[in-house]
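**Student:** Predicted model follows, preceded by the sequence.
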Amino acid sequence: MLTSIILLLPFFSALLILLGHRQLKGAAVLISVGSSIISFIACLVLLAAADDKDNTKLLLPFLDIGDFHANIDVLIDKQSRGMMFIVSFIGLLVHIFSLGYMKDDDARPRFFGSLSLFMFSMTGIVLAGNLIMMFIFWELVGLSSYLLIGHWYQKASAAEACKKAFLTNRIGDFGFMIGILLLFGLNKGDVSFDNLRDAFVQGGPLFDAQKSNPGIITAAALCIFMGAVGKSAQFPLHVWLPDAMEGPTPVSALIHAATMVAAGVYMLVRVSFLIEASPLAAEIIAGIGCFTAVLAALMATQQNDIKRVLAYSTLSQLGYMVMAVGAVAMHVQHGHELHGPNPGHPAMFHLYTHAFFKALLFLGSGAIIYACHHEQDIWKMGGLRKHMPVTFWTFLIGTLALMGLPWITSGFWSKEGILGAAYDSGCSILFHAGTLTAVLTSFYMMRLVIVAFFGKPRTESAHHASEVPLIMLLPLVLLAVFSIFSAWDGFATPLQALKPAHEPPHTTVLFASIAAFLIGTGGAIYLYRGKDKDPVSIKLFANKFYFDEIYAVIVRICQDRLAWIVTALERVLVDGLVARLPTAIVARLGAATRMLQGGHLQGYTFLLGGGVIAVIYLVVFVLPRLGH
């Protein structure tokens, strides 16, 4: 009953609003916010009733063909409960924040309808009990993000951004679909998570496939990973996420910080048994996550748009999580076991804490943009600490959590868990790259705080900024509390299942984590304190390593020129030889034979005479010779 409410209530509210938003107007907002409140309460009840048992329940029949069954099954375990709390809680706060942020938007009902559709889609991913159901809702999330990113479709940049996000994700989703089909064939048509895990026991279909042909398991794992590369914006499909900031800021908090992009990491943890079965896949996944984390952190150091700084920070932290998935798999492959009968995963733990402080930072940036009359350049701000004290302190808490303030903030514990996983993986590159990412994170976030909140106001919009309304401050305060305490023992006890079993930290990991915080923070203070313009100028980082330009050239060469060649071949071969040549031959023959049916008596007489002469010639001259 609870799962039906959680899943279907946002669907019916989205359907009602999107079909009748012109007539509903203000009521559409109440329906969307009301459904998010009820869904959150249902999630709390589901979380409070949590036990140690995992169970899969049939919610709705879907496909039933002979022996093949693919239904809408919900899998209830510690991961889905914890992730459901994140989605419903962050979603509710975004709804509340949007009441103030979007109050003057003419298309507000449509916006809230798209929010409800997104909540339904994301809930379906979280509760999915099999890969087919997950893929269906995976695509619905893509549609929802397209609608939300392109909400202000009158802006050319927003229209381009939503198309870019949609098309880039389809590349990853194509690989995801191939991976599902591979597992479908290997496991005799059963792609439920429970049965896939059981198929790796000795004598199971996937166990036998791994022994006889390990390459097919690696291919399946990497194809599944392609879905996460698109959705979680990993290299080389990372280019869509920063441009997606063209949507309203609450959309950035909901989709690109807390839920949608986290779906890729959540899915990888769901199929971690598949990654653990392939050493090559584990190394590739860890390597791509590691590279993305460092690459995005370097880009963030030279961004001036406040939302883009946070967007590249999200890219970097997602790389952290993906690296942890691969690192844990490598640790298991070395013969080690994770602690506890049902241990938490470092990637899921960081996903859990990151959701709160990154949503706080995005909503905080929305408050700043709102107060500064939609100014987003941090160098046109300054002095906001005095004008917006509540926003400043909550934003600072989120910043310190992201930087990993030692022993106090939640981000410290989850970040240390990832660095510990990298240290235990046996690959020193992962650990050193993770530490470098931590240094860069502290640097660019402290840079943002110093430039935006300290010093003197640099423009009139910053000088006249004031604190945002209470309805926008309330989500910031709640998220600030979670940003500090969500990793503490005893806080939100049912969610502690997401936290890995506590162990004394490695001295090396602890030292590296603290040193990264101090070096990055100190460097930013030294370089940016009291500055009115950026003293550092690295065009390579500012221009995002020119990936967009490189992709534009690739598209122009591989698509536009290839299209010209294909068009030329089509005109010569298909249009010319296959279509037009036979038509021309038939037309010429038809024109010639039409002359024989002209209706002229002299013509018929001439043909009759010619025919008689031909028959006589045949009988008199040809047939006797044939007889001899």
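**Tutor:** Great, that's in hand. Residues are numbered from 1 along each chain as shown.

**Student:** And the strands in this protein, which stretches?
**Tutor:** 55-65, 68-76 (DSSP state E).

**Student:** what's the most buried one of those?
**Tutor:** When you average the neighbours per residue for each of those (mean count of other Cβ atoms under 10 Å), strand 68-76 leads with a mean of 20. Any C-beta I mention is one placed from the backbone N, CA and C, and that applies to glycine too.

**Student:** and residue 259, which of the strands of the chain is closest to it?
**Tutor:** Closest approach to residue 259 among the strands of the chain is made by strand 68-76 (17.6 Å; Cβ to Cβ).

**Student:** Mind checking the pLDDT average for that closest one?
**Tutor:** The pLDDT scores in strand 68-76 average 82.

**Student:** longest single helix anywhere in this structure?
**Tutor:** Longest among the helix segments of the chain by residue count, using DSSP state H, is helix 156-186.

**Student:** now for that one, which elements pack on it?
**Tutor:** Other helices and strands packing on helix 156-186, by 3 or more Cβ pairs under 8 Å, 6 or more residues apart in numbering; DSSP states H and E, are helix 131-149, helix 205-212, helix 214-231, helix 240-243.

**Student:** about what we covered before: columns distance to residue 259 on top of the strands of the chain, output as JSON lines?
**Tutor:** What follows is the strands of the chain, written out as JSON lines (distance: least, Cβ to Cβ, whole Å):
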{"stretch": "strand 55-65", "distance to residue 259": "21"}
{"stretch": "strand 68-76", "distance to residue 259": "18"}
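
**Student:** Return, as residue ranges, the portions of this structure with sub-threshold pLDDT.
**Tutor:** 50-54, 67, 257-258, 335-343, 490-505, 595-596, 598, 627-628 (pLDDT under 70).

**Student:** who's in contact with the spatially closest residue to residue 396 that is not a sequence neighbour?
**Tutor:** Leaving out its chain neighbours, the residue that sits closest to residue 396 by Cβ to Cβ, 6 or more residues apart in numbering is residue 449, at 6.3 Å. Residue 449 makes contact with 395-396, 399, according to Cβ atoms under 8 Å, 6 or more residues apart in numbering.

**Student:** repeat for residue 22
**Tutor:** Applying Cβ under 8 Å, 6+ apart, the residues contacting residue 22 are residue 109.

**Student:** Please tell me how far it sits from residue 520.
**Tutor:** 50 Å (Cβ to Cβ, to the nearest Å).

**Student:** Hmm, residue 254 and residue 90 touching each other?
**Tutor:** Yes: assessed by Cβ atoms under 8 Å, residue 90 is found in contact with residue 254 at 6.5 Å.

**Student:** So which of the two has more stuff around it?
**Tutor:** Counting neighbours by other Cβ atoms under 10 Å for residue 90 and for residue 254 shows that residue 254 has the greater number, 31 against 27.

**Student:** Spatially nearest residue to that one, not counting backbone neighbours?
**Tutor:** residue 94 is the one closest to residue 254 (Cβ to Cβ, 6+ apart), at 4.4 Å.

**Student:** and the one you found, how many neighbours does it have?
**Tutor:** Neighbour number of residue 94 under other Cβ under 10 Å is 29.

**Student:** Check the one 3 residues further on too.
**Tutor:** Number of residues near residue 97 (other Cβ under 10 Å) recorded here: 28.

**Student:** how near is it to residue 477?
**Tutor:** Taken as Cβ to Cβ, the span from residue 97 to residue 477 is 12 Å.

**Student:** Likewise for residue 189?
**Tutor:** For residue 189, the distance to residue 477 - Cβ to Cβ - is 50 Å.

**Student:** go on, residue 467?
**Tutor:** In terms of Cβ to Cβ, residue 467 sits 12 Å off from residue 477.

**Student:** Identify the contacts common to those two.
**Tutor:** residue 390.

**Student:** hang on, residue 436 packs against residue 295?
**Tutor:** No: using Cβ under 8 Å, residue 436 makes no contact with residue 295, being 11.2 Å away.

**Student:** Excluding covalently adjacent residues, which one is nearest to the most centrally placed residue in the chain?
**Tutor:** In the chain, the residue lying closest to the centroid (Cα atoms, centre = their mean) is residue 231, at 2.3 Å. Nearest non-adjacent residue to residue 231, counting by Cβ to Cβ, 6+ apart: residue 264, 4.0 Å away.

**Student:** For that neighbour, which residues are in contact?
**Tutor:** Going by Cβ under 8 Å, 6+ apart, residue 264 touches 227-232, 234, 318, 322.

**Student:** ok, now residue 137?
**Tutor:** Residue 137 makes contacts with 121-125, 128, as judged by Cβ under 8 Å, 6+ apart.

**Student:** Kind regards, and thank you for your time.
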